[in-house]
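**Q** Have a look at this prediction, sequence included:
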Amino acid sequence: MKVFSAEQISKIDTFTIEHEPIASIDLMERASSKIYNWIVGKFPSPQNCKIFIGPGNNGGDGLAVARMLAEKNYSVEVFLLKISDKIASDAQVNLSRIQNKKNLDIYELTSIDNMPWLFPDDIVIDAVFGSGLSRPLSGLALEIVNAINASEANVVSIDVPSGLMCEDNSTNNTRGIVQADYTLSFQFPKLAFLFPENAKYVGEWEVLPIDLHQEIIKSELTPYKILNREFVKSLLMPRKKFDHKGTYGHGLLISGSYGKMGAAILASRASLRSGIGLLTSHIPRLGYQIMQTAVPETMVSIDRSDIIFTEFPNLDQFKAIAIGPGIDKKQNSYKAMIDLLKEVKVPMVLDADAINIIGEHPELKDDLPMGCVFTPHMKEFERLVGKSKDSYTRNCMQREFAKEHQLTLVLKGAYTAICCPEGSCYFNPTGNPGMATAGSGDVLTGIILSLLSQGYSSHVAAIIGVYLHGLAGDLASVDLGIEALTASDIIDYLPKAWLKLKK
Ligand SMILES: NC(=O)C1=CN([C@@H]2O[C@H](COP(=O)(O)OP(=O)(O)OC[C@H]3O[C@@H](n4cnc5c(N)ncnc54)[C@H](OP(=O)(O)O)[C@@H]3O)[C@@H](O)[C@H]2O)[C@H](O)CC1
Ligand SMILES: [K+]
């Protein structure tokens, strides 16, 4: 699913009006009826609805929803915010349509002193500002938003929580944004919904399709997309009857150190559960028996060091390489990493301390082999790319870094972002808080190594890997819950995740 900017949404809106064609007031009616249906489904017994209306089309939607709810015997109070002399023309039409309606009272809010009391079981509908917000809230709008946030009412925001910019909130006033329980976004999610610091404003969000014109949805370009099963499935390469293990590649996994052999085992097992033909796990000497016992399917290459990574085997036979899970960033490991980066001619995954080493030695960034995939979590990302004060800025830096260094950069978290060398950014919807657990990242590294070894290109391997990893975690959480979930469970549910992905 594409994620468009507010400006693009307005363009798509206009195109739909011209080319469907449909009158703008009728498009507003269609959009509002989707909101109405959702509210009636969520709160089926008529309740008190308090609807706050701004000067633009978002307010127009709120007025149409008010009429529909009143006709359904909900008790509706409409509050018109007096913050502008202008009112959008379709909003004006919808205002005239609610005059003298049964179950519906209209009030003008000229000062915070007229603010109604909001009860815990009220439904507050936030139709103050939508995608046309052009600056942070101030004055009366700000005061009303604060009063809504101070209440315990059920807050439903139409299209976007009022006060939240659709993309860039880096200079916004974070105290002037509605904290919705539910946000009902028309046709597409907004980029801002995917950033962790906005979760408290957006609440649970849903996309309500309003049949905007497919022609422009298809042709309009955006760097941002949210992954879905159909898209990820379309990237899979079929397996053929006469394929053999050589077809699916031989990968090298450099991982483990004293006290961290578990990371090597998790990454190895995940790799083998993701379709790799052959796997060699390069580990420090102390891990030999552990690895041979825990993962009989892998071949083992032993480092001269008992406890850390200091060398690597001949690379000729490997189709892809992963380095990082459980290695340490000791001086000798750093030296071995420099040599490795010089020699590698195949795609490579870098995780954990491999990323930290590059963060500490930035000159290495300019000497990376083609087709690298980096899989940092937030702290590792900051060491590699730099700090940023908010997620939008961080995402811009992520996209820029991927382009500048021609690599795939995966920032792990809720809605893991995968930025590709040509500038696009995919957000992953699978996964759950149960996966925020030790070893989860090692599993992802193993999966991506496996896919690279099978011949998937770097960004495709990252996309499939991230989606599959989250899907396995989701399937595991259905049976096991989220608190008890471990990284081993994610591996154990990879078979089911593959089946579900390919269904
Ligand atoms: N997506 C679709 O296809 C559809 C969307 N619909 C709804 O339309 C809104 C977007 O409507 P729009 O009128 O463009 O924008 P808003 O309702 O958000 O409000 C714009 C007005 O608010 C003023 N404004 C903006 N920021 C502030 C502020 N901080 N303080 C005070 N006033 C502000 C703005 O004034 P300007 O000075 O900036 O010009 C405008 O007057 C979308 O969100 C959906 O809800 C359609 O109904 C269906 C199709
Ligand atoms: K709103």
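**A** Happy to help now that I have it. This structure is a prediction, so every number in the text was calculated from the model and none was measured. Ligands and ions are numbered 1, 2, ... in the order given.
**Q** how about stretch 474-494: buried residues?
**A** For stretch 474-494, burial by neighbour count (16 or more other CB atoms under 10 Å) applies to 474-477, 480, 485-494. C-beta here means a position set from N, CA and C on the backbone, and glycine is covered the same way.
**Q** ok, of the residues you listed, which one's closest to ligand 1?
**A** Within the buried residues of stretch 474-494, proximity to ligand 1 (CB to the nearest ligand atom) peaks at Asp474, which comes in at 29.7 Å.
**Q** Which secondary structure element is home to the closest one?
**A** Following DSSP states H and E, one finds Asp474 within helix 458-480.
**Q** hang on, the earlier thing: check the buried residues of stretch 474-494 and tell me the two furthest apart.
**A** Spanning the widest gap among those are Asp474 and Ser488, at 16.1 Å by CB to CB.
**Q** Which residues of the stretch 51-200 of the chain lie near ligand 2?
**A** 58, 126, 130, 157-158, 162 (CB under 5 Å from the ion).
**Q** could those residues be laid out in CSV, adding secondary structure?
**A** Shown next, in CSV, are these (DSSP: H, G, I helix; E, B strand; the rest coil):
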residue, secondary structure
Asn58, helix
Asp126, strand
Gly130, coil
Ser157, strand
Ile158, strand
Ser162, coil
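**Q** Do you know the pLDDT at Gln331?
**A** pLDDT, Gln331: 88.
**Q** Same question for the one 10 residues further on.
**A** Per-residue confidence at Leu341 stands at 96 (pLDDT).
**Q** Pull the number of nearby residues for it.
**A** 19 (other CB atoms under 10 Å).
**Q** OK, contacts around it?
**A** 364, 367-369 (CB atoms under 8 Å, 6 or more residues apart in numbering).
**Q** Closest one to ligand 1 out of the residues you listed, please.
**A** For the contacts of Leu341, the nearest to ligand 1 is Leu368 (41.3 Å; CB to the nearest ligand atom).
**Q** That closest one: neighbouring residues, count only.
**A** 17.
**Q** what's the spacing between the residue nearest in space to the middle of the chain and Asn428?
**A** What sits nearest the mean C-alpha location of the chain, by CA atoms, centre = their mean, is Tyr415, with 2.2 Å. With the distance defined as CB to CB, to the nearest Å, Tyr415 ends up 6 Å from Asn428.
**Q** for His405, same thing?
**A** In terms of CB to CB, His405 sits 21 Å off from Asn428.
**Q** So for these two, which residue has more residues nearby?
**A** Asn428 (27 against 17).
**Q** close enough to count as contact, that one and Gly470?
**A** Yes - between Asn428 and Gly470 a contact is recorded at 5.7 Å, counting by CB atoms under 8 Å.
**Q** List the residues that are in contact with both of those two.
**A** Common neighbours of Asn428 and Gly470 (CB under 8 Å, 6+ apart) are Thr416.
**Q** How far away from the center of its chain is stretch 377-387?
**A** Distance of stretch 377-387 from the chain centroid (CA atoms, centre = their mean, to the nearest Å) equals 17 Å.
**Q** mind listing what's buried in that stretch?
**A** By neighbour count on 16+ other CB under 10 Å, the buried set for stretch 377-387 is 377, 380-381, 383-385.
**Q** Just the ones of these in helices?
**A** 380-381, 383-384 (DSSP state H).
**Q** Now that we have these, can you turn them into a markdown table and tack on pLDDT and distance to Ser89?
**A** Listed next are these as a markdown table, based on pLDDT from 0 to 100; distance: CB to CB, whole Å:
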| residue | pLDDT | distance to Ser89 |
| --- | --- | --- |
| Glu380 | 97 | 51 |
| Phe381 | 98 | 46 |
| Arg383 | 97 | 53 |
| Leu384 | 97 | 50 |
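**Q** If we only consider the residues you listed, which is nearest to Ala6?
**A** Phe381 (26.6 Å).
**Q** Return the residues in contact with the closest one.
**A** Contacts here follow CB under 8 Å, 6+ apart; on that basis Phe381 touches 394, 398, 411.
**Q** Around ligand 1, which positions in the stretch 201-350 of the chain sit nearby?
**A** Leu212 (CB under 6 Å from any ligand atom).
**Q** By proximity to ligand 1, which residue of the stretch 201-350 of the chain wins?
**A** For the stretch 201-350 of the chain, CB to the nearest ligand atom, closest residue to ligand 1: Leu212, 5.7 Å.
**Q** just the strands in the stretch 351-500 of the chain please.
**A** Chain-ordered strands for the stretch 351-500 of the chain, with DSSP state E, counting those that start in this stretch as the definition, fall at 372-374, 408-411, 417-419, 425-427.
**Q** likewise the stretch 51-200 of the chain?
**A** 75-81, 104-109, 123-127, 154-158, 182-186.
**Q** now the ones you listed as a markdown table including mean neighbour count and distance to Val65?
**A** Below are the strands of the stretch 51-200 of the chain laid out as a markdown table (neighbours: other CB atoms under 10 Å; distance: least, CB to CB, whole Å):
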| stretch | mean neighbour count | distance to Val65 |
| --- | --- | --- |
| strand 75-81 | 22 | 9 |
| strand 104-109 | 16 | 11 |
| strand 123-127 | 27 | 6 |
| strand 154-158 | 27 | 7 |
| strand 182-186 | 23 | 10 |
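**Q** Kindly reformat the ones you listed as a markdown table containing mean pLDDT.
**A** Output for these, formatted as a markdown table (pLDDT from 0 to 100):
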| stretch | mean pLDDT |
| --- | --- |
| strand 75-81 | 98 |
| strand 104-109 | 98 |
| strand 123-127 | 98 |
| strand 154-158 | 98 |
| strand 182-186 | 98 |
